[in-house]
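[1] everything below, folded, please.
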Amino acid sequence: MITGGSGLIGSRLTSLLLKEKYEVAWLVRKRYDVEQVKQFSWNPDNNFLEKEAMLWPDYIIHLAGATISKRWTNRYKTKILESRIQTLALMKDNLESSQLKTFISSSAIGYYGAFAGNELKDESASPGSGYLADVVVRWEEEADALTQKAERMVKLRTGIVLSGQGGALSKMATPVKMGVGAPLGSGLQMMSWIHIDDLCRMFLHVLKNGITGVFNAVAPNPETNKSFTKKLAAALHRPLIAPPVPSWFLRMLLGEMSDIVLGGANASSGRIETTGFHFRFTHLEEALEDIYK
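    Residues are numbered from 1 along each chain as shown. Predicted structure coming up:
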């Protein structure tokens, strides 16, 4: 069962799981016209979950959560947090003990803080400070509360997911395509990224191999914002002639949400690689080539 199954990651992951002969179901607020996918209704805002839903799965992959790429008003900041906490709490309250074989919860490298610096962070690092870190800490704590209801718990701290179908990359590519792409702020902030196919393969890897624990879901070679922008422009065959966008302008334009683009983290992929996982896209150039081929 996948929460957030209709989203960018969930839809790609569903296709992969179906190819691997898994039966797949989604928890949905509204019904979708999707073949081969069973659908159960829920509405965490109203604390509603279809009675049969938690009796169905052997495995749950939890992806649901409001996007962080909208302006962070106080009201929306509450929604970002509650969309992660309420969904986990609702599932926990409706699961019987030890019914699940595995619960895999999406998390984020925002755990290390919006301004984690260039020091390499592995999964043993302490949480950072600021709004994003606070959200992820609460998110993971709520996931940990499910450990008594599942035989295995896995948390994947995801970096910037690269896909040609939408998400962060499309937002970054738009100004580059228009000829006004530029590094943001100092351009020295680290961007820990992962190709969407590697991320979905990673979910499948931990699902199939009895793995448990916390893992950074990032490729082995992060880039600075300046380098990322330069390589994105090259992949799109566009010149990069605009000057860097000043930090003060981004803060004025985006408010607190500017932390997403002005900050960053240098997250290590070492732990997931020790489990036998092999990345198909280890360098940004080859990931962008695959997406824009």
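
[2] roughly how far does the residue nearest the centre of the chain sit from residue 152?
    By Cα atoms, centre = their mean, the chain has its centre lying nearest to residue 158, at 4.3 Å. Distance, residue 158 to residue 152, using Cβ to Cβ, to the nearest Å: 19 Å. Heads up, the C-betas are built off the backbone N, CA and C, glycines and all.

[3] thinking again about what came up before, for the residue nearest to the centre of the chain, grab phi and psi.
    Dihedral angles of residue 158 (phi, psi; degrees, to the nearest 10) stand at phi -90, psi 140.

[4] residue 224 now?
    phi -70, psi 160.

[5] tell me who's in contact with it.
    187-191 (Cβ atoms under 8 Å, 6 or more residues apart in numbering).

[6] got it, and residue 152?
    Residue 152 neighbours (Cβ under 8 Å, 6+ apart): 101-103, 210-212.

[7] got phi/psi on residue 25?
    Per degrees, to the nearest 10, the backbone of residue 25 is at phi -130, psi 150.

[8] sorry, back to before: how about TSV for the contacts of residue 152, with secondary structure, pLDDT and neighbour count added?
    Listed next are the contacts of residue 152 as TSV, based on DSSP: H, G, I helix; E, B strand; the rest coil; pLDDT from 0 to 100; neighbours: other Cβ atoms under 10 Å:
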residue	secondary structure	pLDDT	neighbour count
101	strand	92	14
102	strand	94	20
103	strand	95	24
210	coil	92	11
211	coil	95	18
212	coil	96	15
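
[9] so which of those comes closest to residue 59?
    Distances from residue 59 to these, taken as Cβ to Cβ, are shortest for residue 102 (4.7 Å).

[10] thought the closest one was touching residue 59?
    Yes: assessed by Cβ atoms under 8 Å, residue 102 is found in contact with residue 59 at 4.7 Å.

[11] which neighbours do these two have in common?
    With Cβ under 8 Å, 6+ apart as the test, residue 102 and residue 59 both reach residue 207.

[12] now the residue nearest to the centre of the chain: how far from residue 271?
    14 Å.

[13] what helices or strands is the lengthiest helix in the chain leaning on?
    Criterion DSSP state H: the longest helix present in the chain is helix 74-94. Helices and strands touching helix 74-94, by 3 or more Cβ pairs under 8 Å, 6 or more residues apart in numbering; DSSP states H and E, are strand 48-49, strand 59-62, helix 131-144.

[14] again, only this time at 10 Å
    Secondary-structure packing of helix 74-94 (3 or more Cβ pairs under 10 Å, 6 or more residues apart in numbering; DSSP states H and E): strand 2-3, strand 24-28, strand 37-43, strand 48-49, strand 59-62, strand 100-108, helix 131-144.

[15] please identify the most buried of those.
    strand 2-3 (a mean of 25; mean count of other Cβ atoms under 10 Å).

[16] now it: how far from the chain's centre is it?
    13 Å (Cα atoms, centre = their mean, to the nearest Å).

[17] what's that strand in contact with?
    9-11, 13-14, 17, 24-28, 37, 42, 44, 57, 59-65, 87-88, 90-91, 104-106, 203 (Cβ atoms under 10 Å, 6 or more residues apart in numbering).

[18] now with 7 Å, please.
    The contact list for strand 2-3 (Cβ atoms under 7 Å, 6 or more residues apart in numbering) reads 10, 13-14, 24, 26-27, 61-64, 87.

[19] tell me the secondary structure for the residue lying farthest from the centre of the chain?
    For the chain, the largest distance from the centre (Cα atoms, centre = their mean) belongs to residue 241, which lies 30.9 Å off. Following DSSP: H, G, I helix; E, B strand; the rest coil, the label given to residue 241 is coil.

[20] how about residue 32?
    For residue 32, the assignment made with three-state DSSP gives coil.

[21] for it, give its distance to residue 9.
    15 Å.
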